[in-house]
Structures are given as structure tokens and as C-alpha cells.
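A.B. asks: With the input below, show me the fold.
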Amino acid sequence: MDNQWFQLGYLISAGLFIFGLKMLGHPRTAPRGNQLGAMGMLMAVLTVLLETDLVTRPVLIIAGIALGAAIGSLLAIRVEMTGMPELVALFNGFGGAASALVALAEIYSAIESDTIPKGLELHVAWTAIGLSALVGWMTLTGSLVAFAKLKGGFMILGKWRRTPTWGPSWLNGVKGLIMLSSIVVIYLSVTTPDDFQMVWVLILLACLLGVVLVLPIGGADMPVVVSLLNSLSGIAAAFTGFIISNPVLIIAGSLVGASGLILTFIMCKAMNRRLIDVLFKSFGGSDKQSVTRTKVGSDPDEVAMILDGAQKVIIVPGYGMAVSQCQHQVKEFADLMKEKYDTEVKYAIHPVAGRMPGHMNVLLAEANVPYDQLIEMDEINPEMPEADAAIIIGANDTCNPVARSGEGPLAGMPIIDADLARSVVIIKRSLSVGYAGVDNDLFYMDKTMMLFGDGKKMMMALNSALKEA
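C.D. replies: The predicted structure is shown next:
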């Protein structure tokens, strides 16, 4: 087949990736964007198979595609919305590992077949292979640590072990030493291209770097970590595309790497962090404050009385809403308030609410909440003083006033100004601290009413109280 047809296939595939990525920027068009991305990947796979004559070995290829599709489908079908961040972290690691394995196969093939390039071509190829291996294996182990942190721990010898957040100051020196050693090993692999031992040393260093890079990072910064690992998986793919001279892999990897890095900086801005501080300082998650204050809980009937005749209510969703899967009951509550009191209801969306960017948007979209009611933090905060009530469902760190104090793990982090509403209702299981390990003064304010219990049960009880009011 004419090579121009293959290039056309790659061009169409790249175009589908670009348009799909663009459509992922809004919840309304995101499903279509996912479909375009999947079509682009299918086109890329078919083009590669035809161009390289891999179709001459159909059994192996069909088996690989079937196995991958089965694993991916099983994970996607079984995962709950609360587990989506962990799944994303795991997929990031798989992407990095795939790129690293291709680099490993290329260097092994060249050494075994004695086709090692010479001169400038050797330097360029081996450097690209080394960088792909470094980023790929680092992404794999870093993603596995992030997965364990988001999951809350891992199973060892039949016992559940909590993932530690361990980051003494001297660990930064270890990170720098490992990075420097990795660069030296890549250089040595170029000078001795037939020494496969260098590859194993590089893999070991890269895996260790991924662990020590993510291990010290506290829970409050995990959305940033997931986004950064996504970017690194794309960068590894771009390096691999360069190694095997595949344009669509270079384009797709560059798109993922660039968009992931942009999202990382957006997350850092939302948390008032610098990326260098996230990576080399431990912000929360290691030492949780003990709760010593108490607060008398309210009941749904009391809350229904407070909401009687409310003209404006702002709902603040958090990770607790995802855990209890109460987004449908939240939508029912908003409909009841609109029908009963003609209340204006809006949803305050913090950029890092939940465990990954857009977590709350996805949940509320699943419950058919209108997109125009989902308001970003910077736009909703000026409206908070006008709200008759702020209904907080399972959110903690993202509306903790201590962030304004400039002290502690949440220092300087932009928050939802729920404490400025005329009254505050918080649905939460207990007074326990959030993921950053900091007690929340909002719980103890006189205008705050606490509904202690499971989010879904409390929302159902509140809806029943509203109907009877």
C-alpha cells in the first residue's frame, strides 16, 4: 500500500485526538470527546498494523487486543465513582510502563541483532531510549504509590496497611542524587551501547525515583500528583514515538504531556501551591490533628425549618458526596427547593474537590444537574454573602476557613467561602478532620448546623422533611 495512505491515517488519527481533547474541556461535550479519542486510537492501531505488516501474525495481535480490552472493560465497569481517581492513577502507570517496555524491547533487539547505530544516530537513539525508560518506569512506580495513597493503603500478608506520608528534608537530597545518577547511567549507556546491564541499573533507579518522589506528598495535594503523572505518561509515550519513528505516538504523547502539565499548573494555582513545593515539601496528610471540640448535631426537621422560604441556596459538594453516592438525592433536594419556594440553587465547584480534577462535575452530571448551575469557585464566592444557606455535603478542606490564616497544611489554599453564607448546613459522618489532617472551624460556628450521618441517608431524610414542611 502507498505510504501516503499510512500518513493520511496518522493525520486523521491525530486530528481525532486534538478535537477529542478540545471537547473534554466541558462536561456537556466530554462524552463525545472520549468517543473521538477512542476512534483516533483505533485508527492509529489499524494504521500501524497495516504499515508494519503485523497483520501477518493475527493470532498474537488479536489475543493482545482481546486481553487488553477485557481488562480495561472489567476495570471500567466495576469501578465506582469514588474509585475513579485510583483507576486514573493506575492507567497513568500502565501508560508509562507500556512506553518503557517498548524502549526496553528496542534496545534489546538492537543489541541481540548487532544493529546498534553509530555516531550521532547512536547518541540520539540511546538518549531517547534512556529518557523514555527513566520517565516510563518512574511514572509506573509513582502511579502505584499514588494509587495506594488514594485507596488508603494496600494489602500485605492479609493485613491492610495504610500508605505512609514520609518526607524528611534529607529525602530531597536523595531525589536529586537518584536523578543525577540516572543521567550518568544514560550517558554511560551511550558510551557503552552493548552493555545491557546499564539498562537494568537505569530501570532500578527510575523505579526508586518514582517511589521517593510521590511518597512524601500529602493527601491534600494528590489531585496535582495524578495530573502530573498523567503528563509524564504522555511524555514517555512521545519519547517512545521518537524511538520507533511513529508520528501519531509523538503527537498523542505530546498532547497528553502538554495538556496534563497545563492541568497540573491549574491545580497548583487552585491550591495556591508551586509545583516545586508540591514535589519537594510535604503538605499535610502525615500528622492529623486530634479533634477535641464538640458540636451538637441537628436533625433534618430543624434544617427544613431554616430553609423555609430561602431565596438562594448554594450547594457545596465534596468527596463525601462521592462516597455516599447521594448526587441523585442532592438533585432531588434542589428540585424540591425550586418547586416549593422558587429558590435559586447553584453548586459551588472547587477545582480540587474530590480526588481528581472534575470529580464533582462528573457526579452531578450523572444526576442530570444542569451544567449552568455548576459554578466555579472564583465565580461563586462573591455570591456567598447573598446566600440564605450553604449546604455542604461531605466537603471539608475545600471550605476550611483556616486556609486564610496562612498557617498549617492548608495555608493560602483558595477555598469556597461557605462561612460567609447567612446559615450553613454540613452533612458529614462526624467532626473528623479532612484529608489534609486539619480541624475545621466552620463546624463550630453558631450559624452552622451539623447533620451527622451517611450523606445519602441524611439527604433522603432532609428531602422527606421538606415535603412535609
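
A.B. asks: rest of the way, CA atoms for contacts and neighbours
C.D. replies: Will do.

A.B. asks: Please tell me I have it right and residue 357 contacts residue 351.
C.D. replies: Yes. Using Cα atoms under 8 Å, residue 357 is in contact with residue 351, at 6.2 Å.

A.B. asks: which neighbours do the two share?
C.D. replies: Jointly contacting residue 357 and residue 351 under the rule Cα atoms under 8 Å, 6 or more residues apart in numbering are residue 267.

A.B. asks: Could you check which of these two has the larger neighbour count?
C.D. replies: Higher neighbour count among residue 357 and residue 351: residue 351, with 25 against 21, using other Cα atoms under 10 Å.

A.B. asks: Confirm that the more buried one lies within a helix, as I assumed.
C.D. replies: No. Counting by DSSP: H, G, I helix; E, B strand; the rest coil, residue 351 is not part of a helix but coil.

A.B. asks: Contact partners for it?
C.D. replies: Residues in contact with residue 351 (Cα under 8 Å, 6+ apart) are 267, 270, 357, 358, 376, 377.

A.B. asks: how many other residues sit next to residue 247?
C.D. replies: Using other Cα under 10 Å, residue 247 has 17 other residues around it.

A.B. asks: That one and residue 362: what is the separation?
C.D. replies: 33 Å (Cα to Cα, to the nearest Å).

A.B. asks: now do residue 203
C.D. replies: The gap separating residue 203 from residue 362 is 37 Å, by Cα to Cα.

A.B. asks: With neighbour numbers in mind, choose between these two.
C.D. replies: Set residue 203 next to residue 362 and count neighbours by other Cα under 10 Å: residue 203 wins out with 21 against 15.

A.B. asks: Now do that one, the pLDDT please.
C.D. replies: For residue 203, the model assigns a pLDDT of 93.

A.B. asks: Surely it and residue 137 touch.
C.D. replies: Yes. In this structure, residue 203 is within contact of residue 137 by Cα under 8 Å, at 6.5 Å.

A.B. asks: and residue 422, what does it touch?
C.D. replies: 385, 386, 387, 388, 389, 390, 447.

A.B. asks: SS state for it?
C.D. replies: At residue 422 the chain is in coil, as set by three-state DSSP.

A.B. asks: Could you pull up phi and psi at it?
C.D. replies: Backbone torsions of residue 422, given as degrees, to the nearest 10, read phi -60, psi -40.

A.B. asks: quick one, longest helix in this structure?
C.D. replies: If you go by DSSP state H, the chain has its longest helix at helix 119-151.

A.B. asks: Just the buried positions in that one, please.
C.D. replies: 123-151 (16 or more other Cα atoms under 10 Å).

A.B. asks: Mind checking which of the contacts of residue 351 land in helices?
C.D. replies: Filtering the contacts of residue 351 for helices - DSSP H - leaves 267, 270, 377.

A.B. asks: can you pick the most crowded of these?
C.D. replies: Ranking the ones in helices among the contacts of residue 351 using other Cα under 10 Å puts residue 267 first, with 24 neighbours.
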